[in-house]
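S.K.: the sequence and its predicted three-dimensional model are supplied below.
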Protein chains: 2
Amino acid sequence: MDRRQKKTRDAIFNAFTELLAKKNYNQISVQEIIDAADIGRTTFYAHFETKDFLLKELCEELFDHIIDTAMGLPHGHYHYSCGCVADSVFLHLLRHLQENDLNILGLLSSENNEIFLRYFKSNLKKLILSQYADKGLLKNSRLPEDYIVNHISASFVETVDFWLSGNMKEDTEVITEYFLAVIEPLLKD
Amino acid sequence: MDRRQKKTRDAIFNAFTELLAKKNYNQISVQEIIDAADIGRTTFYAHFETKDFLLKELCEELFDHIIDTAMGLPHGHYHYSCGCVADSVFLHLLRHLQENDLNILGLLSSENNEIFLRYFKSNLKKLILSQYADKGLLKNSRLPEDYIVNHISASFVETVDFWLSGNMKEDTEVITEYFLAVIEPLLKD
DNA sequence: TAGATACAGAACACTTTGTTTTATACTAAA
DNA sequence: TTTAGTATAAAACAAAGTGTTCTGTATCTA
């Protein structure tokens, strides 16, 4: 990719991320992004059709990477009761968040975090499927599989939200235990 | 309240609700609401400071009523295992939604339903607290109470979302059973 | 070095926003 | 029924934002 393109693209992402950390998405104008990124008006529209498309691409950059690396990890049982919390993909995800690449924490903690949590959740489903469904761990006589996958994804996202809104007081291991304790009853062993 | 005030207020709410059912919140302009409600520009701003305030007041009208009536219901154990699903407040809530007062279903099923689901969730916490926490049913040696309350609220909202996005194929009783099966392991008995 | 491309800057018509002003119609209470 | 208060309509307004087009310049790649 042309160095110039990458440079302006990064400038836009950075400006947008900083703005999102301090004000609501709806209240951010394209003009503000342009000013903050210090680029020409034409340039912005050459890169992104609208503000919504910019958001979408930002989300892709943020979460696709995180989920994809997690997908590459070896799968395991990861039950709370079997004491292997330390090996859980979910612990890995939390630690990845904690490292705060690309100021992802700022966005997930911001006032308008629903946007990102929603995107996070939809990406998580793929991970859940590869972790549990492939191994037949989700079979449950009372509940349909898609309901369980949805529930587990939502539970993790909500756990992250709980953790962040409490300023990450708890260790990643503790939060992982909370989460695993909540989803464990839904899994076959 | 002045009849004229109530009349325009209703006109605004109706117009806004109809617009929300077919397009995204961000893409709706105040001008469109004004046109749809067939009122004067000045009148709108006499009622609502901004579009965001209008949304907030709409949410209050929609959910405060539902939750408040549910709060008035007698409390019970409502465990899946004890077979008293029929008495659950949650079943009552689902039926209330199904009646579709004020086209609440249209909003909860719309593309931008996060806004409403989020508001729904925060109101639900009050209900969960009155249902379970007061009776000491949430005590759990492994998990803090606020985490459990948050989890139960989120689980119900996500269950509603699951139900609606599948076009309400399942009966309210079945959905209630799914939900109770998921939260039951977190409760003391 | 040459052709292609990304960028800046300015101008553009257009929409939206929130306010102000003036005049009219309605309502609630005396 | 009258009256004083108030809700509304209509028009005009400045300010800001949107998305596009054009021209000239700088930068990249081959």
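M.R.: Yep, it's here.
S.K.: neighbours of residue A:187, how many?
M.R.: Per other C-beta atoms under 10 Å in any protein chain shown, the neighbour tally for residue A:187 reads 19. Where C-beta positions appear, they are placed from N, C-alpha and C, glycine not excepted.
S.K.: need the pLDDT of it.
M.R.: On the pLDDT scale, residue A:187 is placed at 85.
S.K.: residue A:75 now?
M.R.: pLDDT, read off for residue A:75, is 63.
S.K.: show me which positions of stretch A:102-111 end up buried.
M.R.: Residues of stretch A:102-111 classed as buried under the neighbour-count rule (16 or more other C-beta atoms under 10 Å in any protein chain shown) are A:102, A:104-105, A:107-110.
S.K.: stretch A:111-131: how far from the chain's middle?
M.R.: In terms of C-alpha atoms, centre = their mean, to the nearest Å, the centre of stretch A:111-131 is set 5 Å apart from its chain centre.
S.K.: CA atoms only for the lowest-mean-pLDDT helix or strand in chain A, dumped as PDB, please.
M.R.: Every helix and strand of chain A was ranked by mean pLDDT, DSSP states H and E. The lowest is helix A:65-72, at a mean of 90. Output of helix A:65-72 as PDB, limited to C-alpha atoms (Å, rounded to 0.1, in the frame of the first residue of the first chain):
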ATOM      1  CA  HIS A  65      -7.100  -9.300  14.900                       C
ATOM      2  CA  ILE A  66      -7.900 -10.100  18.500                       C
ATOM      3  CA  ILE A  67     -10.400 -12.900  17.700                       C
ATOM      4  CA  ASP A  68      -8.200 -14.300  14.900                       C
ATOM      5  CA  THR A  69      -5.200 -14.700  17.200                       C
ATOM      6  CA  ALA A  70      -7.400 -16.300  19.800                       C
ATOM      7  CA  MET A  71      -8.800 -18.700  17.200                       C
ATOM      8  CA  GLY A  72      -5.300 -19.900  16.600                       C
END
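S.K.: quick revisit: so which of the buried residues of stretch A:102-111 sit within helices?
M.R.: A:104-105, A:107-109 (DSSP state H).
S.K.: near DNA strand D, which residues of chain A show up?
M.R.: By C-beta under 7 Å from any atom of the strand, the residues of chain A that approach DNA strand D are A:2-4, A:29-32, A:41-42, A:45, A:49-51.
S.K.: do that again at 6 Å, thanks
M.R.: Counting by C-beta under 6 Å from any atom of the strand, the residues of chain A close to DNA strand D are A:2-4, A:29-31, A:41-42, A:45, A:50.
S.K.: could I get those as JSON lines with distance to DNA strand C, neighbour count and pLDDT?
M.R.: Listed next are the residues of chain A next to DNA strand D as JSON lines, based on distance: C-beta to the nearest atom of the strand, whole Å; neighbours: other C-beta atoms under 10 Å in any protein chain shown; pLDDT from 0 to 100:
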{"residue": "A:2", "distance to DNA strand C": "4", "neighbour count": "8", "pLDDT": "93"}
{"residue": "A:3", "distance to DNA strand C": "9", "neighbour count": "7", "pLDDT": "95"}
{"residue": "A:4", "distance to DNA strand C": "4", "neighbour count": "9", "pLDDT": "97"}
{"residue": "A:29", "distance to DNA strand C": "11", "neighbour count": "11", "pLDDT": "98"}
{"residue": "A:30", "distance to DNA strand C": "12", "neighbour count": "15", "pLDDT": "98"}
{"residue": "A:31", "distance to DNA strand C": "11", "neighbour count": "10", "pLDDT": "98"}
{"residue": "A:41", "distance to DNA strand C": "5", "neighbour count": "11", "pLDDT": "97"}
{"residue": "A:42", "distance to DNA strand C": "4", "neighbour count": "9", "pLDDT": "97"}
{"residue": "A:45", "distance to DNA strand C": "9", "neighbour count": "12", "pLDDT": "98"}
{"residue": "A:50", "distance to DNA strand C": "14", "neighbour count": "10", "pLDDT": "96"}
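S.K.: before we move on, back to that, so which residues make contact with the least confident helix or strand of chain A?
M.R.: The set of residues external to helix A:65-72 that reach it, using C-beta atoms under 8 Å, 6 or more residues apart in numbering or on different chains, is A:89, A:92-93, A:96-97, A:101, A:104, A:123-124, A:126-127, A:130.
S.K.: list the buried residues for it?
M.R.: Buried-residue list, helix A:65-72, by 16+ other C-beta under 10 Å: A:66-67, A:70.
S.K.: same check, this time on stretch A:158-171
M.R.: Quick answer for stretch A:158-171 (16+ other C-beta under 10 Å): A:158-164, A:168, A:170.
S.K.: what residue lies at the spatial centre of chain A?
M.R.: Most central residue of chain A, judged by C-alpha distance to the mean C-alpha position with C-alpha atoms, centre = their mean, is residue A:120 at 3.6 Å.
S.K.: isn't it right up against residue A:154?
M.R.: No: between residue A:120 and residue A:154 there is no contact under C-beta atoms under 8 Å: 10.4 Å.
S.K.: can you classify the residue nearest to the centre of chain A by secondary structure?
M.R.: Following DSSP: H, G, I helix; E, B strand; the rest coil, we place residue A:120 in the helix state.
S.K.: got the residues of chain A near chain B?
M.R.: A:26, A:52, A:114, A:118, A:142-144, A:146-147, A:150-151, A:154-155, A:158-159, A:162, A:177-178, A:181-182, A:184-186 (C-beta under 8 Å from any C-beta of the partner chain).
S.K.: just the buried subset of these, written out for ChimeraX, thanks.
M.R.: For the buried members of those, the matching ChimeraX selection, counting by 16+ other C-beta under 10 Å, is:
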select /A:143,147,150,151,154,155,158,159,162,177,178,181,182,186
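S.K.: wait, what's in contact with the closest residue to DNA strand D within chain A?
M.R.: Here chain A gets closest to DNA strand D at one residue, residue A:30, 3.4 Å apart by C-beta to the nearest atom of the strand. With C-beta under 8 Å, 6+ apart as the criterion, the residues that contact residue A:30 are A:44, A:50-51.
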